[in-house]
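*Asks:* sequence and predicted structure, then a few things I'm wondering about:
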Amino acid sequence: MRSLFSFFKDAKLAFILAIALLILQAFCELSLPAYTSDILNIGLQQSGIEDAVPDTIRGESLDAICMLVSDADEETVRSAYSLKEDSGYYVYNGNVDREELDSILIRPETVLFYAESAGSSAGSEFSLEQLIAAYRSGMITKDDIQAMLAQGEYDLSALNDSYLEQVAVQFVAREYTAVGISLQDLQTNYLWYKGGQMILLSLLMVAASIFAGLVAAKASSKIGRNLRKGIYEKVMSFSRTEMNYFSTASLITRSTNDIQQIQMIAMILLRIVLYAPILAIGGIIQVINTSTGMEWIIVLAIAIVGATIVILGKLVMPKFKLMQKLIDRVNLVSREILTGLLPIRAFAREKYEEKRFDKANDDLFRTQLFTNRAMSFLFPVIMFVMNGVSVLIVWAGAHGASVGTVQIGDITAFLTYSIVIVLSFLILSMVSILLPRAAVAADRVREVLNKETSLSDPEHPEDDRLDNAVGNVRFEHVNFRFPDADEDMLTDIDFTARNGETTAIIGSTGSGKSTLINLIARFHDVTAGAVKIDGVDIRNISQHKLHSLIGYVPQKGILFSGDVESNIKFADPGISDETMTEAAEVAQAADFIPELEGGYHAPIAQGGSNVSGGQRQRLSIARALAKGARILLFDDSFSALDFKTDLALRKALGSKVGDATVIIVAQRISTIMKADQIIVLDEGRISGIGKHKDLMETCPVYQEIARSQLSEQELAAEGGAF
């Protein structure tokens, strides 16, 4: 998980903004059930009367209330009301805090409501009216009245505050009716007021949700873009050692599927994962504030859901790690089949390759099926818990409502909050399916980004020493061994390739010819010795500077999607058309380019699949020549050319690149017979160095190669163009 969250550091501001928007959205969403509760409890059941404080009250009712409270409370009550002129009614003036006044009025109003409803006496022989008259005449005191009420049916000690509040509100409703206030108008106004607030909250919630979505989309896209860029830049610095370590198929999966997983989880994290706990915590706080006594139901539900998530997480996490490796395997097999389709058909191996793909595909299928089956168990559990919570709340709430401890609106709000909490855990549980897989993907991406490259630029490059490079290449007793190999591939390679000369390298298959070329381009670093250009060790100059001096033609011609011109000018789009045309003529590509539809603007498919192998090689050679490099490396680049084209190309090269250092790896003797220097490799060692004629006299390995390819007449003629 650490790797996953480390990728989100660049989106800190987006996370802060998203959290703020999600808190606002959660606040609005969690406020709506409270408004619904108020509409049910106050708007419908209490006709819009919010508390036990009447805004208008008759004088006799005010006197009756004052008779039932202490002297200090009477002073507070009377100071809270002012006489309305010409009416005999008193109106609330706001001098006393409404909540404080409510706590004073709730009990006396309940007593008065019961007295007015039942008309029964508070004591054994006195009615409430008689008690009030006696109090006014001074026959009894307030303490006497309180004591008498406590002994009768008006003993309120056993009743809870919620029930007392409801009865007191009914007293206020009677007062309003008595003074001519329409309860229907009061109720309608309250419903419009609360409904309007709910609409505004809903609009605010929608706006917060939209902006949170925009922030999440932008942040996740930025994370994906930066990761793709980081992997691309890292892979561009890889040597062949690192490329072999990961494999092309794995790198493709990591830069596409794995980053897509990270990008998707970033989006979900900003929109859902962060929102779910905010909503759950807010819902729990609201549940606690409702004080319904049903909190144990939420605790039970959270415990069941949490245990289920933990168990399933431990069960499927190893499978998610395996799944990404199996995706790599499917990509590898698919890539091999698609690129090797012609040989597969030629050797009638379709059935075998189908079975190989089916095995890789079935392994992935079975793993995905296991994880999906395991995680599919989660949703029914959540739904069972959610429905069970609803049943328990209705059952417990109905019991509370029957005894007056809970109102219908409170039950509705509690049920809503409970569902919100359970759904929040459902969201988190669904994300738990994606989060482990994204964590595995993040580890795989991090592995690429943290991979140390075996090739690196020096801290203080000596690039300025090669500003006017001549191009002499010197191998000083070079040894090279591939990583993890038991023995050297090249041993004690010592020679100089001079400017203006052609150095040819020949040898049997596996003798190290291409490896030697790769050392010049620093695709690998030497194990011992040094490769120098004009006396400067190539390890002491930057790779960019080194490659700017080299024109490299690989053994397999590689073209890029675009057109002929973009491929020849690949080294620098600023290459002039004259230079491009001249390079194409030297490479013998000018023979077929005009025949292509569009000429130099003819489209080239990916990998050059719409041109022949020989044409790809000639365009690759033209690309290297157009660069104007001081050192030209041809890694068996003439193998796909016919003898006529090979001869013409070598003649053109001899006249056009005479001032460059030319190093050619070749299999055919005819290609290199006229080279200024021929190096013969045998099992990684130099078996001979010299011209063709000298080697024919002194080097048995060269003699064997020459006699296997040329007739005696051809050897005597010493054909060739170099």
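*Replies:* Ah, there it is.
*Asks:* what sits against residue 227?
*Replies:* Contacts for residue 227 (C-beta atoms under 8 Å, 6 or more residues apart in numbering) come out as 7, 259, 262-263, 445. Placement of C-beta: from N, CA and C, glycine included.
*Asks:* how about those residues, which pair is most distant?
*Replies:* Spatially, the most separated pair among the contacts of residue 227 is 263 and 445, at 10.8 Å (C-beta to C-beta).
*Asks:* of the contacts of residue 227, the lowest pLDDT goes to which?
*Replies:* Least confident by pLDDT among these: that is residue 7, with 79.
*Asks:* touching, that one and residue 222? I think so.
*Replies:* No - counting by C-beta atoms under 8 Å, residue 7 does not reach residue 222; the two are 10.7 Å apart.
*Asks:* what ranges does the stretch 101-250 of the chain have for its helices?
*Replies:* Per DSSP state H, counting those that start in this stretch, the stretch 101-250 of the chain carries helices over the ranges 128-137, 142-151, 161-179, 183-236, 240-246, 248-253.
*Asks:* closest one to residue 478 among the ones you listed?
*Replies:* Closest to residue 478 of those, according to C-beta to C-beta: helix 240-246, at 17.1 Å.
*Asks:* mind listing what's buried along that closest one?
*Replies:* Of all the residues in helix 240-246, those buried under the rule 16 or more other C-beta atoms under 10 Å are 241-242, 245-246.
*Asks:* and stretch 581-599, by the same measure?
*Replies:* Across stretch 581-599, burial judged by 16+ other C-beta under 10 Å covers 581-590, 592-593, 596.
*Asks:* closest to residue 236 out of these?
*Replies:* After measuring these against residue 236 - C-beta to C-beta - the closest member comes out as residue 583, at 25.1 Å.
*Asks:* how much space separates that closest one from residue 576?
*Replies:* Distance of residue 583 to residue 576, given as C-beta to C-beta, to the nearest Å: 10 Å.
*Asks:* got it, and residue 447?
*Replies:* Residue 447 sits 44 Å away from residue 576, going by C-beta to C-beta.
*Asks:* and these two? which has more neighbours close in?
*Replies:* Taking neighbours as other C-beta atoms under 10 Å, residue 447 and residue 576 compare with residue 447 leading, 15 against 11.
*Asks:* for the stretch 101-250 of the chain, give me the ranges with low pLDDT.
*Replies:* 117-132, 135-136, 145-161 (pLDDT under 70).
*Asks:* what's the offset of stretch 417-437 from the middle of its chain?
*Replies:* 18 Å (C-alpha atoms, centre = their mean, to the nearest Å).
*Asks:* what about that stretch, average pLDDT?
*Replies:* Taken as a whole, stretch 417-437 has a mean pLDDT of 74.
*Asks:* kindly report the same for stretch 13-21.
*Replies:* If you average the pLDDT over stretch 13-21, you get 88.
*Asks:* name the residues of it that are buried.
*Replies:* 14-15, 17-19, 21.
*Asks:* the closest residue to residue 10 other than its chain neighbours: how many residues sit nearby?
*Replies:* Spatial nearest neighbour of residue 10, excluding adjacent residues (C-beta to C-beta, 6 or more residues apart in numbering): residue 226 at 6.1 Å. Residues lying near residue 226 (other C-beta under 10 Å) number 14.
*Asks:* and residue 485, by the same measure?
*Replies:* Using other C-beta under 10 Å, residue 485 has 10 other residues around it.
*Asks:* same check, this time on residue 523
*Replies:* Residues near residue 523, counting by other C-beta under 10 Å, number 17.
*Asks:* and it, what does it touch?
*Replies:* Residue 523 makes contact with 239-240, 455 under the criterion C-beta under 8 Å, 6+ apart.
*Asks:* from those residues, which is closest to residue 439?
*Replies:* Comparing the contacts of residue 523 against residue 439 with C-beta to C-beta places residue 239 closest, at 29.1 Å.
*Asks:* now the closest one: phi and psi?
*Replies:* phi -90, psi 180 (degrees, to the nearest 10).
*Asks:* for residue 486, see how far away it is.
*Replies:* 20 Å.
*Asks:* any chance of JSON lines for the buried residues of stretch 13-21, columns secondary structure and distance to residue 677?
*Replies:* Output for the buried residues of stretch 13-21, formatted as JSON lines (DSSP: H, G, I helix; E, B strand; the rest coil; distance: C-beta to C-beta, whole Å):
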{"residue": "14", "secondary structure": "helix", "distance to residue 677": "62"}
{"residue": "15", "secondary structure": "helix", "distance to residue 677": "63"}
{"residue": "17", "secondary structure": "helix", "distance to residue 677": "67"}
{"residue": "18", "secondary structure": "helix", "distance to residue 677": "67"}
{"residue": "19", "secondary structure": "helix", "distance to residue 677": "70"}
{"residue": "21", "secondary structure": "helix", "distance to residue 677": "72"}
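*Asks:* out of these, flag the one nearest to residue 536.
*Replies:* Set against residue 536, the nearest of the buried residues of stretch 13-21 by C-beta to C-beta is residue 14 (47.5 Å).
*Asks:* residue ranges of each domain in this protein, please.
*Replies:* Per the record, the chain has its domains at 464-549+629-654+661-685, 557-628, by automatic domain parsing.
*Asks:* now these as TSV including distance to residue 109 and mean pLDDT?
*Replies:* Shown next, in TSV, are the domains of the chain (distance: least, C-beta to C-beta, whole Å; pLDDT from 0 to 100):
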stretch	distance to residue 109	mean pLDDT
domain 464-549+629-654+661-685	89	88
domain 557-628	86	88
